[in-house]
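In: Build me a model:
(chains A, B and C)
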Amino acid sequence: MSEDDSSAPYEPEAFGPWLGRQLRRKGMTQSELAIALDVTRAAVSAWITGRAIPRNDKIQVIEAVLGLATGSSATRDEAPDSRGLINWYHRPAHPDGGRELGNAAAFAFDSNLTVLAREATQNSLDERHDANRPVRVRFILHEVTGERLRRLQEALRWDDLVPHFKAAADTGQKVGKVLANGLREFHERGSLLLLRIDDYNASGLTGPEYDNGRFAAVVRRQLDSHKKGLAGGSYGLGKATLWATSQFGMVIMNSTLSKPHEGRCERRLIGRLDLPWREVGGAQYAGPAWLGEGDLSREGAARSWWAGERTVEELYLTRGSSDPGTSFLIVGAYDPSGEATNLEEMHQALVRGLATGFWASMVTGRDSIPMLEASVEALRDGQVVVTEERVDPHRYEPARARAVRAFLNEETVSEISTAEDVLALRLPLTVPPLKDVERAEPVTHPAVLLITPTEDDDEKPNRLICMRSTRMAVLERAVNDVPLGAIRFQAVLLAGKATGSSGMDADLAEAFLRAAEPPEHNDWKQTEDLTSSYARGAVARLKEFRRAMLDQVREAVRPVEHVKEDETPPVLRELLRLDPPPSPRSPGYPTVKSATGSITQDGAWDVRVEIKLPERDDPWFLRPLLRFAARSGARPEVRWAQLSAVSHCEVTDEGNLRCAAGARSAVFSGISDVTSHPVTARMAGVEVDLVRVKESVQ
Amino acid sequence: MSDILARIGHLPDDAAVKFLTSAVLEQREPLPMAAVDRASQPGPWEAEPVRQLLDEAMKRFEPESRTAADAWLAPLLHATLRLTRREAADSRIWNHLALRLAPDYVFWRHPGRPPTPAVNRARFSGPFYSQTFSRLWWAAELFRNGPDYGPVVVACGNQDVLNTVLRLEVILHRPTAQAILRLLSTGAVRTGREVNALAQAVNTAGSTLAYEALAPDAVQDADSYRDWIEDLGNVLVPYDSLPDGPTDGRVPEHAVEALVPLFERLFAEAPVRGRPEQQETIE
Amino acid sequence: MKRLLPYQTVVGDLSLEVREARLDDIALPYEMISTAQRVVALHRIERDEWRSARLSVRVRAPEQELQQGPWTGMECLATLSERRTNTRTATRLRWEGPGEWSGEVELQRDHHLERAELLGQLIATVGDVPGRVIATTEASWTVDLQSRTPTRREEIRTRWVDFGDEDHPQLHPFKNDPWTVEAVGQEPVLYLNSGFEGLKALLASGRAIDRPARDALAAQIATDVWTVLFNAATYQEDGDTPEWPGGWRESVLRRMLPDLFPTHSPDDALAEVVSRHRTGDGADLQTRILHAAGKQARRPRNLGNFMRTLRRTGQEEE
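Out: Reported below is the predicted structural model:
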């Protein structure tokens, strides 16, 4: 890693954390420093915890003891990374010989780019920082080659990892195969695909290095659901999709914190690599590795570090603004499902995933801001391949997005009369009391049911989608048994906080429904949580609610007066159809396959006609008819001034065509007789028909 | 007619067809009026004024000049039998008129031509442009210029207009219909052959030209038309001058003027114009 | 059949959609508009005396093609027409943006009877000729004044009537027949005799055991219907040059002629039928009609299944 710009504007940092970090780097204990300075250990402890600051002369001695330049404690300049402080730390294998052949969490998902977009973005939404502004999510695909690639590899300390990759690829396990493929493609293509996922106006990876907090939840833990937030799952299982989308299991993170840690907010960096168990140079490694600053107090485990601007630039992790949030760089990104194979396809898959998963969070009312803004772009070596597309919910989910917008704008109606109308109904949800709370009375929460007609090209009409909290889609299902003559529709159910209500009933409904969700958050049903937390009858209330929503939708789309007008017995209906039959693809008679033509200088039509002939041993005799098109009634026929055979036919003495026996096509050309035109040629269209004639064989 | 019919009503097509046997059409047998009455449903329209009108037509015109009766009768029939288009589209009313109220007029106006002694069945019950009364009523409805029946007289004075032009979809656009009649009344087209050539030119050019866009029509006022229908009880329809038609809006003159030169040119440039092979309709 | 035009027209699709319908300013429920079937149903029992209907329509055209084509002074018309009432009105639509027009089409009830057709057209100046039609909607909409549900009825109308009933004197002669067909006027009707014992029960039966007999009966009825309709449709023809009769008659001919004369184009087949009628060469024609009618009625399969079932039950009894 190269030297950081010393001019980088560091935020003021407390002396204490700085001193603590210097000691860790030196591997020096507080007691050792106390002895070297001839002070008590309690004094050193007070400095480090920020309870006291040493005098200036003491500081100079400290700098000398630590081997730092004079004044470095005042600027609190970091020791340059190039001193070899930033490295990959590979966790040693368990002493008991246990092997983990890959990140178990990554296998919990049948991952693809849609899942990635959904999980990553849901995390960002749950971590919204300022509730008055949207969370902004940017997905950037970037393929790098050549020198750019080399510089990135240096920044990633790639060469140090190669023996680990090779060893892990040889294990023959699923992860090993992905890795081996990744390495092979990397060498063949000479390019590396990066997928960077940024969020802005989110919390960022706050919290201590090892103890509970967002940072540890993402970086240290697997299968950890740190959040107690609305969705219940942020940074839990979902984060594994980040690693699952890297062929090398590698993700580098740069976070701007919403709450300072060690007195700093910007550019908290750390990398994490998820490899299977492996043996390299005689040593055995358990699996994960971290890129960071070696922590001698933890046997060299890697800590996050505060990087300079140059470092983040080399790692393609420069953030667009100082707004808090995190950038995840997935190195060697790919679509685990194998569906999207190039930048354009991956771009599309991500946009689709965002639109399908978060259209509701992106809808804006007239007087409201969206919860989420999302965009996707694709670059190759710094050049734009697919320009940044801001995901427009109205483009991808027109009917549903219209429903939510009408709800936000209070523009819903009580009867649907136009293609754009949104019908809103109240649907009561009875929330039963909790078991351990002295509250015998259930509470009724009015959920909102929205129904709107959908476009003809909607491939999945007549569906109901149910949402709560930040308009997070929980379950989607088809509404079957829709009455005959009903409109095609989309329906949206908003419950809990998603109704926009801040009342107690909304909070209770929110908690009740969350308890009814399985870990995947894709259903409302009987769960252990539900039966253990809620009083008897909770499951019945839930079932009632589910039945009522479907019944209400069906009732709402039922035609007002359904009168049986048709007396045709069903069995006769098919047999008595009077609609025009489809024209046969291979008719048993000659047809005009193509006709082209133009008007000559004399005002005559000059046409060239290709005839398609059915198979027959005998020649076909045909009279080509040229007719002027008319608005209505019979089309006037005009005479030919000249008729000539072009191929597989000849013009007979009678002026008809004799098509060669056995031929499957024939071509002729003709010029109309101007004196027979009912109107000047340029004012009307013409049509060519073929009439069969009986003709004596010459 | 012997028995008095008070109201014009409805006679269904299938019933009409059954009564129109060859013997009836050849006037060897009379229509079975009692059976016709049984098959008919009563309607609201007064029969007497229409009956008087037809009697007057047969009085005014000699059998040899019966085609000339059309121009006189068409406006008067329209002004006497006041129907909405919706009502007039129902063939049952015309069946009833022809089979029940005035079969004598049908025989008088459209006698069989030797060697066929029979009246064409369609003159009793058939498409609007063939049936004895509906062709006149619709000619009046489609060729009038608002309350002015003048153009109707021009149209019905030429059998080719009734037999050819009336069937064309293009004339459902009122400015197109008026422009065609304008060429007829100015003498730009005269003979039946020329009328057909003009109609053919306008109809074929209509496959590429939207006359509706070139000469936008005004919306017809359905409410004024209703008022005119209801006003029937207050007026005596004159026999010797043109009656007043419904004031549901005249055809915009500029629309007609936009089409007249176009039609003149289409007609002038039509190569087939006046060539002898164009069959002239003989009545 | 391909039409050659002396100027450039739009290749892409022009589409029209009815977004809303109002009867005398009161909006109709949206379910009376079917965009899938392109039908608007206007009949409502509780509002029978309406005077006019307003349809909000939107027309869309391929935006890019319009920009690149040689067309100027473009305008868009919505045309509402009903052949039976000789009514055809054109409404100019507002330009809403590239490739999109919209407006309100008014339908006067007094000017319409059954079903009006609604289509969109693009008009432009091409070269030095103004008013050229450069695009027409592929499929038109139907505004049905007599229907309560927006469905495109595609089959022959069927009515259950007791042939002995007072109200239907014209059916008295057939009161012992199970069915009869009326093939005159604007619409043919198949009358099924509800007074004929067992007919309704069998035709409406959903029981598996009845199915072979029910289907065979249906095929028999349908064969009769098509035979009668075909003959009625061709008898309309008089005059030298055969002309397509339009309406249901033309539909019947277009469906059946390909089976009557498979090696003839529809035009040639029609000419052949007319010529045979004229020359009195009708025996072979009747045979062909029977074949074509049986095909419409799917007789081979329906009757074949029935006989197979009979044989099977026969064997079981032995």
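
In: Which stretches in the stretch 51-200 of chain C count as strands?
Out: Ranges of strands in the stretch 51-200 of chain C, per DSSP state E, counting those that start in this stretch, are C:52-60, C:71-82, C:87-92, C:94-97, C:100-108, C:115-126, C:129-136, C:141-144, C:157-161, C:179-182, C:189-193.

In: and the stretch 151-283 of chain B, which residues reach chain A?
Out: Within reach of chain A by C-beta under 8 Å from any C-beta of the partner chain, the stretch 151-283 of chain B has these residues: B:167-170, B:197, B:200-201, B:203-209, B:266, B:269-272, B:275. Yep, even glycine has a C-beta here, placed from its N, CA and C like the rest.

In: contacts for the helix or strand encompassing residue B:95?
Out: Per DSSP states H and E: residue B:95 is located in helix B:91-96. The contact list for helix B:91-96 (C-beta atoms under 8 Å, 6 or more residues apart in numbering or on different chains) reads B:8-13, B:15-16, B:40-41, B:43, B:45, B:83, B:87, B:124-125, B:128, B:131, B:133-134, C:185-186.

In: average pLDDT across the next helix or strand after that helix?
Out: The helix or strand immediately downstream of helix B:91-96 is helix B:103-109, counting by DSSP H and E. Averaging pLDDT along helix B:103-109 yields 96.

In: What is helix B:103-109 packed up against?
Out: Applying 3 or more C-beta pairs under 8 Å, 6 or more residues apart in numbering or on different chains; DSSP states H and E, one finds that helix B:103-109 contacts helix B:48-60, helix B:132-143.

In: Would you mark the buried spots in it?
Out: Using 16 or more other C-beta atoms under 10 Å in any protein chain shown as the test for burial, helix B:103-109 gives B:103, B:105-109.

In: go on, stretch A:495-511?
Out: A:495-499, A:501, A:505-511.

In: same deal with stretch C:290-303?
Out: Of the residues in stretch C:290-303, those buried (16+ other C-beta under 10 Å) are C:290, C:292-299, C:302-303.

In: Flag the shaky bits of chain B, pLDDT-wise.
Out: For chain B, the stretches flagged by pLDDT under 70 are B:1-3, B:272-283.

In: try 50
Out: Under the criterion pLDDT under 50, the flagged ranges of chain B are B:1-2, B:276-283.

In: Each with direction, which strands does the top strand by length along it pair with?
Out: Identified as the longest strand of chain B according to DSSP state E is strand B:41-46. Sheet pairing here is set by DSSP bridges, and for strand B:41-46 it gives strand B:7-10 (antiparallel).

In: Just the residues contacting the partner strand, thanks.
Out: By C-beta under 8 Å, 6+ apart, the residues outside strand B:7-10 that reach it are B:40-47, B:50, B:81, B:90, B:92-93, B:95-97, B:100-101.

In: Next: stretch A:48-55.
Out: Here stretch A:48-55 has contacts from A:14-17, A:19-20, A:23, A:30, A:43, A:46-47, A:62, using C-beta under 8 Å, 6+ apart.

In: Please point out which parts of it sit buried.
Out: By 16+ other C-beta under 10 Å, the buried positions in stretch A:48-55 come out as A:48, A:54.

In: what is the rounded mean pLDDT of it?
Out: Here the average pLDDT along stretch A:48-55 is 79.

In: Run the chain-centre distance for that stretch.
Out: Using C-alpha atoms, centre = their mean, to the nearest Å, the mean C-alpha position of stretch A:48-55 is found 48 Å from that of the whole chain.

In: returning to what we had before: which among the residues of the stretch 151-283 of chain B next to chain A count as buried?
Out: By 16+ other C-beta under 10 Å, those give B:167-170, B:197, B:200-201, B:203-209, B:266, B:269-272 as buried.

In: ok so, going back, any chance of the contacts of stretch A:48-55 in JSON lines, with neighbour count and distance to residue A:191 too?
Out: What follows is these, written out as JSON lines (neighbours: other C-beta atoms under 10 Å in any protein chain shown; distance: C-beta to C-beta, whole Å):
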{"residue": "A:14", "neighbour count": "18", "distance to residue A:191": "44"}
{"residue": "A:15", "neighbour count": "19", "distance to residue A:191": "46"}
{"residue": "A:16", "neighbour count": "19", "distance to residue A:191": "45"}
{"residue": "A:17", "neighbour count": "19", "distance to residue A:191": "40"}
{"residue": "A:19", "neighbour count": "23", "distance to residue A:191": "44"}
{"residue": "A:20", "neighbour count": "19", "distance to residue A:191": "42"}
{"residue": "A:23", "neighbour count": "20", "distance to residue A:191": "43"}
{"residue": "A:30", "neighbour count": "17", "distance to residue A:191": "49"}
{"residue": "A:43", "neighbour count": "17", "distance to residue A:191": "55"}
{"residue": "A:46", "neighbour count": "16", "distance to residue A:191": "53"}
{"residue": "A:47", "neighbour count": "23", "distance to residue A:191": "49"}
{"residue": "A:62", "neighbour count": "21", "distance to residue A:191": "48"}
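
In: Near chain C, list only the ones from those residues.
Out: Counting by C-beta under 8 Å from any C-beta, no member of the contacts of stretch A:48-55 reaches chain C.

In: Of those, which is the nearest to residue A:463?
Out: residue A:17 (53.3 Å; C-beta to C-beta).

In: Which strand or helix spans that closest one?
Out: Following DSSP H and E, one finds residue A:17 within helix A:15-26.

In: by contact count, what packs against whatever helix or strand comes next after that helix?
Out: Once the chain leaves helix A:15-26, the next helix or strand it forms, by DSSP H and E, is helix A:30-37. Packing contacts for helix A:30-37, counted by 3+ C-beta pairs under 8 Å, 6+ apart, involve helix A:41-48, helix A:56-66.

In: Comparing those, which stretch has the densest surroundings?
Out: helix A:41-48 (a mean of 18; mean count of other C-beta atoms under 10 Å in any protein chain shown).

In: Run the angle between that helix and helix A:30-37 for me.
Out: Orientation check (axes from the mean of the first three to the mean of the last three C-alpha atoms, to 10 degrees): helix A:41-48 against helix A:30-37 gives 110 degrees.

In: Next, residue 111: secondary structure please.
Out: Chain wasn't specified; assuming chain A. coil (DSSP: H, G, I helix; E, B strand; the rest coil).

In: please go with chain B instead
Out: Here residue B:111 is recorded as coil under three-state DSSP.

In: List the contacts of it.
Out: Residue B:111 is in contact with residue B:119, counting by C-beta under 8 Å, 6+ apart.

In: Show me where the stretch 51-200 of chain A has its strands.
Out: Ranges of strands in the stretch 51-200 of chain A, per DSSP E, counting those that start in this stretch, are A:86-92, A:135-145, A:191-200.

In: among those, which is nearest chain B?
Out: Closest of these to chain B is strand A:135-145, at 49.1 Å (criterion: C-beta to the nearest C-beta).
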